[in-house]
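Visitor: Sequence unavailable; structure follows:
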């Protein structure tokens, strides 16, 4: 009986031992599985850390490049500051020159105002002188001119000084003549010049062309003439060759009509 009980206990112990071994084997298997999962997890984390390391390296490179760009910008900014400082000095010089020029401009403006004032005075004096000259032509010179032409047989019965011919609308003149000698057949338009020039001759040609179109002179021969005190060969020769009478007037009492060059004569317009 005692031996049978011992055998059952031994058998029970063997069963328990087998169960313990099974459990142990199961635990070992599960432990291996957990270890494999842990290794996989560690490997995955290692990969992520490697990737993070690579990203950090890339970020480090970008930061280095940004740092280089920043350094370059700081250098350029320093150069700009130097240039700006230089330009500031240049601007100060420019302002000084501008102020100097403004002072000169003010002085020139004052001088111009003074010159304008003097010019107005001179124009006023010239106006008075012109009026006196017109009066002189009308009262002294013109009668002597008429006498000289009448000696040539013109016999003028109408003599006028400072004659102005208006256009049809009477809002402007066609021509102005210093002296106009006129009769039933002839008209002589006389220009009085202190010193005759070729420009005066050309202007008188245009004046006679304008007078020729006026109905008042229809059917009449129009001649041109100059009365001058200063005789210069070139313009005198030019006027005579263009067919103008030229009266030399060294003084009011000694007027004479110059002779035409050989081959030239007075021209009627």
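Guide: Thanks, I have it. Just so it is clear, the model here is predicted, and its values are computed rather than measured.
Visitor: So which residues of this protein form helices?
Guide: For the chain, the helices defined by DSSP state H occupy 2-136, 142-151, 198-212, 233-241.
Visitor: Among those, which comes closest to residue 257?
Guide: helix 142-151 (5.3 Å; CB to CB). All C-beta atoms are positioned from the backbone trio N, CA, C, and that covers glycine.
Visitor: outside of that closest one, which residues touch it?
Guide: 156, 159, 161, 179, 181, 188, 190, 225, 227, 245, 247, 249, 252-253, 255-257 (CB atoms under 8 Å, 6 or more residues apart in numbering).
Visitor: what angle sits between it and helix 2-136?
Guide: 70 degrees (axes from the mean of the first three to the mean of the last three CA atoms, to 10 degrees).
Visitor: The contacts of helix 142-151 in strands, which ones?
Guide: Among the contacts of helix 142-151, the ones falling in strands (DSSP state E) are 159, 161, 179, 181, 188, 190, 225, 227, 245, 247, 256, 257.
Visitor: From those residues, list the buried ones, please.
Guide: Neighbour-count burial (16 or more other CB atoms under 10 Å) applied to the ones in strands among the contacts of helix 142-151 gives 159, 161, 179, 181, 188, 190, 225, 227, 245, 247, 257.
Visitor: Of all pairs in those residues, which one is the farthest apart?
Guide: 161 and 257 (18.8 Å).
Visitor: a markdown table for the buried ones among the ones in strands among the contacts of helix 142-151, including pLDDT?
Guide: Formatted as a markdown table, those follow (pLDDT from 0 to 100):
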| residue | pLDDT |
| --- | --- |
| 159 | 88 |
| 161 | 89 |
| 179 | 92 |
| 181 | 94 |
| 188 | 96 |
| 190 | 94 |
| 225 | 95 |
| 227 | 90 |
| 245 | 96 |
| 247 | 92 |
| 257 | 91 |
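Visitor: I'd like those residues laid out as a markdown table, including distance to residue 42.
Guide: Formatted as a markdown table, these follow (distance: CB to CB, whole Å):
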| residue | distance to residue 42 |
| --- | --- |
| 159 | 137 |
| 161 | 131 |
| 179 | 131 |
| 181 | 135 |
| 188 | 133 |
| 190 | 130 |
| 225 | 131 |
| 227 | 130 |
| 245 | 133 |
| 247 | 133 |
| 257 | 137 |
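Visitor: and which of the residues you listed is nearest residue 93?
Guide: Closest approach between those and residue 93, by CB to CB: residue 227, at 62.9 Å.
Visitor: dump the residue contacts of the closest one.
Guide: Neighbouring residues of residue 227 by CB under 8 Å, 6+ apart: 137, 141, 145, 178, 179, 190, 191, 192, 193, 247, 249, 255.
Visitor: one more time with 10 Å, if that's ok
Guide: Contact partners of residue 227, counting by CB atoms under 10 Å, 6 or more residues apart in numbering, are 137, 141-142, 144-145, 148, 178-179, 190-194, 196, 245-249, 255, 257.
Visitor: Would you list the buried entries among these?
Guide: 137, 141-142, 144-145, 148, 178-179, 190-193, 196, 245-249, 255, 257.
Visitor: And the furthest pair within the ones in strands among the contacts of helix 142-151?
Guide: Going by CB to CB, the pair spanning those furthest: 161 and 256, at 20.4 Å.
Visitor: now for the helix or strand of the chain with the lowest mean pLDDT, which elements pack on it?
Guide: Using mean pLDDT, DSSP states H and E, helix 2-136 stands out as the lowest-scoring helix or strand of the chain, at a mean of 74. Contacts defined by 3 or more CB pairs under 10 Å, 6 or more residues apart in numbering; DSSP states H and E place helix 2-136 against strand 158-166, strand 173-182, strand 186-195.
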